[in-house]
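[1] Dropping the sequence and predicted coords here.
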Amino acid sequence: MTTAAPAIRLSVLDRSRTRQGQEPAQALRDTVAFAREAEGFGYHRFWVSEHHGVPGVAGSAPTVLAAAVAGATTRIRVGTGGVMLPNHQPLVVAEQFGVLAALFPGRIDMGLGRSVAFTDGVRRALGRDKDAADAFPAQLAELLAYFDGASRTHRDVHARPSEGLHVPAFVLATGEGADLAADAGLPLVIAAVRGEDRMLAAIDRYRARFRPSAQATEPYVVVSGTVAVAGTPEQARDLLVSEAWSGAHARTHGEFPPLAPMAEVLAREMTERERAAYEQSLRGHIAGTPRQAAAELTALMARTGADEFLVTTSTYDRAALLDSYRLLAEAVRLR
């Protein structure tokens, strides 16, 4: 008699990855359709991301896309992973999430990051510079204050219809993100990176430093990462190929391209530098049969003590991608 895997709260982060030969509009439609599938599979949240000027990513306006996702679903929580706060004025972000929360009460999450655009041209277009991330703590405090009507920055300004609404906020950990989340008393979202000791140290520091707030009375940790599931370990590893090549191309050529078919990537004659980056991109992920993936994920959750896992898998074959998410949901009892 086999023992079922313990319950794990699973969520989805979809970056609206474009596929080779596909228009960005189709990637956005795929995201909305994917959200409906994820809801049917039993996932807890469905988040979308913010990227500017990236050829391989169609998701540039996360709150707009979140509205489309929320409108196409009925139960799953919807949010952002995340809105990059340094790119925006806190009042505008508060208003956008206020509108979402008013239209879809009890279903909206506000995932917030501190990254700025990667290129000088995009930063200039956004009116930001490389140091914009330094203002994140002050921006975060101003943003949260708009929801309780106590903005210390602009006392005569009220965010409508945000004021008085509760929209759960999360901090995406990059650099000092774990400390910022702890100081603000907010849930932490942290990537399951290859250097696990560093991730575990950040989580421990977050829990030790956490200060209860109106948003959260105790620490809450969401670990994010890639999980590829298929009938065999080899098929699961194949699901990683397209995204691994995009990452390798970005590191060696400075541009993150659309997802290419697996067969095309495997047939490619890579330079030594490309091959090294590609092999590195294939490592550090959970990939295997449903039983293997569930066991690895359960072990990771035990090591981190995380409350939730945010699955971020992308691949060229959309049908295989949906199967991967379905098999994972079936292998891990969702709560």
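    Thanks, I have it.
[2] I'd assumed Ser162 was in a strand, is it?
    No. With DSSP: H, G, I helix; E, B strand; the rest coil as the criterion, Ser162 is located in coil rather than a strand.
[3] who touches it in this structure?
    Ala94, Glu95, Phe97, Gly98, Ala101, Tyr146, Phe147 (Cβ atoms under 8 Å, 6 or more residues apart in numbering). (Each C-beta comes from the backbone N, C-alpha and C, glycine too.)
[4] State the pair within those residues that is farthest apart.
    Pairwise distances across those (Cβ to Cβ) peak at 12.2 Å, for the pair Ala101 and Tyr146.
[5] Of these two, which one has the most company?
    Tyr146 (25 against 22; other Cβ atoms under 10 Å).
[6] thought Ala126 was touching His52?
    To be clear, residue 126 is Leu; Ala isn't right here. Yes. Between Leu126 and His52 there is a contact at 7.0 Å, judged by Cβ atoms under 8 Å.
[7] would you list every one of the helices in the protein?
    24-41, 62-72, 90-103, 120-126, 136-148, 177-184, 196-209, 233-238, 241-253, 262-267, 272-282, 290-304, 318-331 (DSSP state H).
[8] For the fourth one, buried residues please.
    By 16 or more other Cβ atoms under 10 Å, the buried positions in helix 120-126 come out as Val122, Arg123, Leu126.
[9] Alpha carbons of it, as CSV, please.
    Presented in CSV, the C-alpha positions along helix 120-126 are these (Å, rounded to 0.1, in the frame of the first residue of the first chain):
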residue,chain,number,x,y,z
ASP,A,120,19.3,51.7,-20.2
GLY,A,121,16.8,52.4,-23.0
VAL,A,122,13.9,50.9,-21.1
ARG,A,123,14.9,52.7,-17.9
ARG,A,124,15.0,56.0,-19.7
ALA,A,125,11.6,55.3,-21.2
LEU,A,126,10.2,54.6,-17.7
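[10] For that helix, which outside residues touch it?
    Contacts of helix 120-126 (Cβ under 8 Å, 6+ apart): His52, Gly53, Asn87, Val116, Ala117, Asp129, Lys130, Ala132.
[11] Top of those residues by number of neighbours, please.
    Using other Cβ under 10 Å as the neighbour criterion, Ala117 leads those with 23 neighbours.
[12] quick one: low-confidence ranges for this structure?
    For the chain, the stretches with pLDDT under 70 are 1-6, 117-118, 120, 127, 150-154, 175, 194-195, 334-335.
[13] let's see 90
    Counting by pLDDT under 90, the chain has low-confidence residues at 1-7, 52-55, 82, 114-135, 148-159, 173-177, 192-198, 254-255, 333-335.
[14] Which residue, neighbours along the chain excluded, lies closest to Gly45?
    If you look again at residue 45, you'll see it is Arg, not Gly. Leaving aside its chain neighbours, Arg45 sits nearest to Ser11 (3.7 Å; criterion: Cβ to Cβ, 6 or more residues apart in numbering).
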